[in-house]
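Chemist: Sharing a model that was predicted from the sequence below.
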Amino acid sequence: MTPKEFYDKYKAFADEAAQGTTVFPDTILAVALLESAYGKSVLAEKYNNFFGVKADPSWAGNKVTLPTHEEIHGKMILVNADFRVYPTPKESFANYVHFISGPRYVKAGVLGAKSSSIQFEALHEAGYATDSQYANKLRNVLKLMGINPETNKPIVPVIDVPVVETPVVKPPVPEPPVVKINPHIIKRHYTISNKKGQTIGVDLVITATEAVGLEFTEMPDSISLNVL
């Protein structure tokens with residue numbers, strides 16, 4: 001059973017037990033999970049005691065003696081203790097709220113706490129548990145249930161959205177235009193004169209190439225040569 005499944009399963013018992021009090025149902029559920037080991041401890045499964053509430057002299061009901069760990073002078077020691085026995089889990093939840101509404105818990109500020117986080121500290125201060133890390137453990141349990149112990153509101157999961165880089169689109173590089181090369185024949189007729197007035201005709205044929213759309217303009221139509 002996950003912490004969230006435990007929370008959902010026993011929430012109705014916690015809500016009913018806390019009704020008309022200043023005890024947070026979230027506080028009840030966190031303590032129930034931690035003390036009962038997810039409802040799987042012998043005390044919870046066999047004797048319906050989800051909170052590890054001991055059978056002090058004021059308890060007139062059934063009780064059972066079981067080994068338990070207590071922190072004494074900074075060391076965890078295994079001792080035997082008497083615990084209360086309940087007919088049903090529902091009665092265990094109801095009796096727990098009654099138990100922590102007693103004078104020493106009122107004095108420690110349990111009922112005046114403004115959040116489960118503060119209520120956890122007050123429970124430890126009142127001597128509900130000897131574990132020096134009790135309040136922190138309860139905070140962690142409540143977080144696992146999806147509840148913020150400071151606000152008693154659901155924890156909104158943070159969704160890690162991967163950053164997608166926008167690809168840089170480069171403009172296509174235009175291919176150079178294909179230049180068609182066509183053969184070009186240039187024909188010119190030139191007349192050559194000398195000083196004596198004699199002339200000869202010369203036909204000049206030049207085979208060349210030209211780019212489409214261009215014209216040869218540097219070839220003169222006529223030239224004059226002085227023949228010595």
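Modeler: Great, that's in hand.

Chemist: from here on, contacts and neighbour counts on C-alpha atoms
Modeler: OK.

Chemist: Buried by neighbour count: which residues of stretch 40-52 qualify?
Modeler: Going by neighbour count (16 or more other Cα atoms under 10 Å), the buried part of stretch 40-52 is S41, L43, A44, Y47, N48, N49, F50, F51, G52.

Chemist: What mean pLDDT does it get?
Modeler: Averaged across stretch 40-52, pLDDT comes to 95.

Chemist: Start and end of it, how far apart?
Modeler: 13 Å (Cα to Cα, to the nearest Å).

Chemist: same thing with stretch 13-25?
Modeler: 9 Å.

Chemist: Show me the domain layout of the chain.
Modeler: Using automatic domain parsing, the domain ranges for the chain come out as 3-154, 177-228.

Chemist: tell me the secondary structure for N80?
Modeler: Three-state call for N80 (DSSP: H, G, I helix; E, B strand; the rest coil): strand.

Chemist: surely it meets P67?
Modeler: Yes. With contact defined as Cα atoms under 8 Å, N80 counts as touching P67 (4.2 Å).

Chemist: that older thread, take the buried residues of stretch 40-52 and write them to TSV, including secondary structure and distance to S58.
Modeler: Output for those, formatted as TSV (DSSP: H, G, I helix; E, B strand; the rest coil; distance: Cα to Cα, whole Å):
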residue	secondary structure	distance to S58
S41	coil	24
L43	helix	20
A44	helix	21
Y47	helix	19
N48	coil	19
N49	coil	17
F50	coil	19
F51	coil	17
G52	coil	16
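
Chemist: Would you map the helices across the chain?
Modeler: Ranges of helices in the chain, per DSSP state H, are 3-18, 25-36, 42-47, 89-99, 103-108, 116-125, 134-144.

Chemist: Name the stretch among the ones you listed that sits most buried.
Modeler: helix 25-36 (a mean of 24; mean count of other Cα atoms under 10 Å).

Chemist: Which of the domains of the chain comes out lowest on mean pLDDT?
Modeler: Looking at the domains of the chain, the bottom one is domain 177-228 with a mean of 56.

Chemist: hey, what's K63 bridged with?
Modeler: Beta-bridge pairing for K63 (DSSP bridges): R84.

Chemist: Might one say that it is in contact with P57?
Modeler: No. Using Cα under 8 Å, K63 makes no contact with P57, being 11.1 Å away.

Chemist: Looking at those two, which is more packed in?
Modeler: K63 (17 against 6; other Cα atoms under 10 Å).

Chemist: Check the gap between the more buried one and N48 for me.
Modeler: From K63 to N48 the distance is 11 Å (Cα to Cα).

Chemist: what do these two both touch?
Modeler: V85 (Cα atoms under 8 Å, 6 or more residues apart in numbering).

Chemist: Adding distance to P171, write the domains of the chain out as CSV.
Modeler: CSV is the format used below for the domains of the chain (distance: least, Cα to Cα, whole Å):
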stretch, distance to P171
domain 3-154, 50
domain 177-228, 17
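
Chemist: who wins for proximity to P167 among these?
Modeler: domain 177-228 (29.0 Å; Cα to Cα).

Chemist: still on that earlier bit, export the helices of the chain to JSON lines and tack on distance to V169?
Modeler: Below are these laid out as JSON lines (distance: least, Cα to Cα, whole Å):
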{"stretch": "helix 3-18", "distance to V169": "47"}
{"stretch": "helix 25-36", "distance to V169": "54"}
{"stretch": "helix 42-47", "distance to V169": "65"}
{"stretch": "helix 89-99", "distance to V169": "64"}
{"stretch": "helix 103-108", "distance to V169": "67"}
{"stretch": "helix 116-125", "distance to V169": "53"}
{"stretch": "helix 134-144", "distance to V169": "45"}
